[in-house]
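> requesting a structural model of the entry that follows:
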Amino acid sequence: MNILFDLDGTIIDPGDGIIKSYSNALIALGHEDKITTDMSWVVGPPLRKSFATILPSEMVEEAVAKYREFHAKGGLKEAVLYDGIANIIAHLSETGHQLFICTAKNVPFARKNIEQFNLQGYFAEIYGSHLDGKFDDKAELVSHIIDTHNLEKSETVMIGDREHDIIAARKNGINGIGVLWGYGNSDELSDAGASYLVDSPNNLLKVIIDSTI
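Residues are numbered from 1 along each chain as shown. This is a model prediction of the structure:
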């Protein structure tokens, strides 16, 4: 099986660092009024897309740059690994599955997070958005991975915690598994068309091994 893993909200919980970096970017641009009590909605979607929902279009690129500045200084390292997920990744890799990272996070930041938790040896490649905005659309990124590695769609699955992951899977004709320990919920993932919903890493392993996906 070829397994495309989302990163934020699926393998790691990056919430504190992302929200702090996002909020600091808004403050730096004089838009602290956009900071609300619950900012968890910014974890997962591409930065440009989330900033575009609350800022004038002409400020989006500057906001992205400010976010990255703050995130590189400290927010990136505040991520924590979800309990049990490292063991599942190791088991899948060691039993012959081909694993990829497929994230909205830019590639340099994604690579640093993977190396932070010593997971780099389990993944064939780490894919993410580019600094110029290329592959901000996760469906395009999934398509790129499939084409680059000549993956059989019937033997490929996307795993993630937000609707963007599942929608990207559906657009590319592969199954999407929604995980419930991240930042999405069962309604969001079901409405997006998830083939399976799982509530723990152990159940994720069971679905992959026991199912016919």
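> host element of the residue lying farthest from the centre of the chain?
In the chain, G30 marks the outermost C-alpha relative to the chain mean, sitting 28.3 Å out by C-alpha atoms, centre = their mean. Using DSSP states H and E, G30 sits in no helix or strand.
> what's around the closest residue to M59 other than its chain neighbours, how many residues?
With sequence-adjacent residues excluded and distances taken as C-beta to C-beta, 6 or more residues apart in numbering, M59 is closest to L29, at 6.2 Å. (Glycine included, C-beta is placed from N, CA and C.) A total of 15 residues lie near L29 under the criterion other C-beta atoms under 10 Å.
> what do you get for the one 10 residues further on?
The number of residues packed around M39, counting by other C-beta under 10 Å, is 17.
> quick one, helices of the chain?
Here the chain has its helices, by DSSP state H, at 15-28, 47-52, 60-73, 85-94, 107-116, 138-148, 163-171, 186-192, 201-210.
> among those helices, which is the most enclosed?
Across those, averaging neighbours per residue (mean count of other C-beta atoms under 10 Å) puts helix 163-171 on top, at a mean of 24.
> tell me the domain ranges of this structure?
Recorded structural domains for the chain (assignment: automatic domain parsing) are 2-13+80-210, 15-78.
> hey, least reliable of those domains by pLDDT?
With a mean of 90, domain 15-78 has the lowest mean pLDDT of the domains of the chain.
> once you drop chain neighbours, what's closest to I54?
Closest to I54 by C-beta to C-beta, 6+ apart is K34, at 4.8 Å.
> right, and the one you found touches A25 too?
No - with contacts counted by C-beta atoms under 8 Å, K34 stays clear of A25, the gap being 10.0 Å.
> burial count for I54?
16.
> what is the neighbour count of the nearest residue to G15 once chain neighbours are set aside?
Distances taken as C-beta to C-beta, 6+ apart place V43 nearest to G15, at 5.4 Å, with adjacent residues excluded. Per other C-beta under 10 Å, the neighbour tally for V43 reads 23.
> ok, V43 to G30 distance?
23 Å (C-beta to C-beta, to the nearest Å).
> how about L204?
Distance from L204 to G30, by C-beta to C-beta: 43 Å.
> now V207
In terms of C-beta to C-beta, V207 sits 47 Å off from G30.
> and what of D191?
Distance of D191 to G30, computed by C-beta to C-beta: 36 Å.
> elements contacting the longest strand anywhere in the chain?
In the chain, taking DSSP state E as the definition, the longest strand is strand 98-106. Applying 3 or more C-beta pairs under 8 Å, 6 or more residues apart in numbering; DSSP states H and E, one finds that strand 98-106 contacts strand 2-5, helix 85-94, helix 107-116, strand 125-129, helix 138-148, helix 163-171.
> and with 7 Å instead?
Packing partners of strand 98-106 (3 or more C-beta pairs under 7 Å, 6 or more residues apart in numbering; DSSP states H and E): strand 2-5, helix 85-94, helix 107-116, strand 125-129, helix 138-148.
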